[in-house]
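**Q** fold the following and give me the result.
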Amino acid sequence: MSKMKMAAMASAALCLGLSGAAQAAPALAEASVMVGGAAMYPTKTIVANAVNSKDHTTLVAAVKAAGLVDTLSGPGPFTVFAPTNAAFAALPAGAVDNLLKPANKPALVKVLTYHVVSGRLTAQDLAAKVDASGGKAMLKTVEGEDLTLSRKDGAIWVWDAKGGSAQVTIADVLQSNGVIHVVDKVLMP
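**A** Now for the predicted structure:
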């Protein structure tokens, strides 16, 4: 076989391979992560996905009570550290019920927006910030105060203003308007 024919065949094979990869790319873009027994689709918003997670019913109720549904359904992008139902249950008795009262809406908004950072920060982005800052990185929340990030045993940890910490248990739940990182504690401003 001539060099020209071999080059043409190689070029054709490469084109076919690339076109196959291009066709596979949308399938990869649609990959979902399971959270709370439900698939979280990267084509849906933070709220549209969170309402399907049985592990986040308290968070969803709180977001609704705080009037943040439209915000977290908006374009963002946002990085959300999403506490589970178990994280809310670990708060002192009556704390969640108290926060959900209409009279306490400002306090609820403060707690919830303390779990949100502007921008789309993946676990790789968070780890890079920690590494670049010598082991601890600060993130400004939408609420206005900082969260502190660190790494321990390969996991990302988030520290709140009161010295409490939460571990990221499921990272990189990609959304159309940001990313969710599931955490095991409620962070307090």
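**Q** these two touch, right, Leu108 and Asp97?
**A** No. Counting by Cβ atoms under 8 Å, Leu108 sits too far from Asp97 to count as a contact (11.3 Å). (C-beta placed from N, C-alpha, C; glycine too.)
**Q** looking at those two, which one has more neighbours?
**A** Between Leu108 and Asp97, counting by other Cβ atoms under 10 Å, Leu108 is the more crowded of the two (21 against 9).
**Q** wasn't that one part of a helix?
**A** Yes. Assignment of Leu108 by DSSP: H, G, I helix; E, B strand; the rest coil places it within a helix.
**Q** contacting residues for it?
**A** 62, 65-66, 99-100 (Cβ atoms under 8 Å, 6 or more residues apart in numbering).
**Q** report pLDDT for it.
**A** Per-residue pLDDT puts Leu108 at 96.
**Q** and what of Ala7?
**A** So Ala7 comes in at 37 (pLDDT).
**Q** can you check Gly36 too?
**A** Here, the pLDDT recorded for Gly36 equals 81.
**Q** and the closest residue to His115 other than its chain neighbours, what does it touch?
**A** Using Cβ to Cβ, 6 or more residues apart in numbering and skipping residues adjacent in sequence, the residue nearest His115 is Phe81, 4.7 Å away. When contacts are counted by Cβ under 8 Å, 6+ apart, Phe81 touches 115-117, 147, 158, 166, 168, 181, 183, 187.
**Q** do Val69 as well
**A** 47, 63.
**Q** quick one: mean pLDDT over the lengthiest strand in the chain.
**A** Taking DSSP state E as the criterion, the chain has its longest strand at strand 165-175. Mean pLDDT, strand 165-175: 95.
**Q** show me what that strand is packed against.
**A** strand 33-35, strand 38-40, helix 46-50, strand 78-83, helix 123-132, strand 155-159, strand 178-183 (3 or more Cβ pairs under 8 Å, 6 or more residues apart in numbering; DSSP states H and E).
**Q** can I get these in a markdown table with distance to Val142?
**A** Shown next, in a markdown table, are those (distance: least, Cβ to Cβ, whole Å):
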| stretch | distance to Val142 |
| --- | --- |
| strand 33-35 | 21 |
| strand 38-40 | 21 |
| helix 46-50 | 13 |
| strand 78-83 | 8 |
| helix 123-132 | 16 |
| strand 155-159 | 14 |
| strand 178-183 | 11 |
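**Q** of all the ones you listed, which lies closest to Leu72?
**A** Ranking the helices and strands packed on strand 165-175 by their distance to Leu72 (criterion: Cβ to Cβ) puts helix 46-50 first, at 4.7 Å.
**Q** I'd assumed Val186 was in contact with Leu91.
**A** Yes. Using Cβ under 8 Å, Leu91 is in contact with Val186, at 5.9 Å.
**Q** the two: who's more crowded?
**A** Set Leu91 next to Val186 and count neighbours by other Cβ under 10 Å: Val186 wins out with 26 against 17.
**Q** domains for the chain, by residue range?
**A** With domains defined by automatic domain parsing, the chain comprises 1-30, 33-183.
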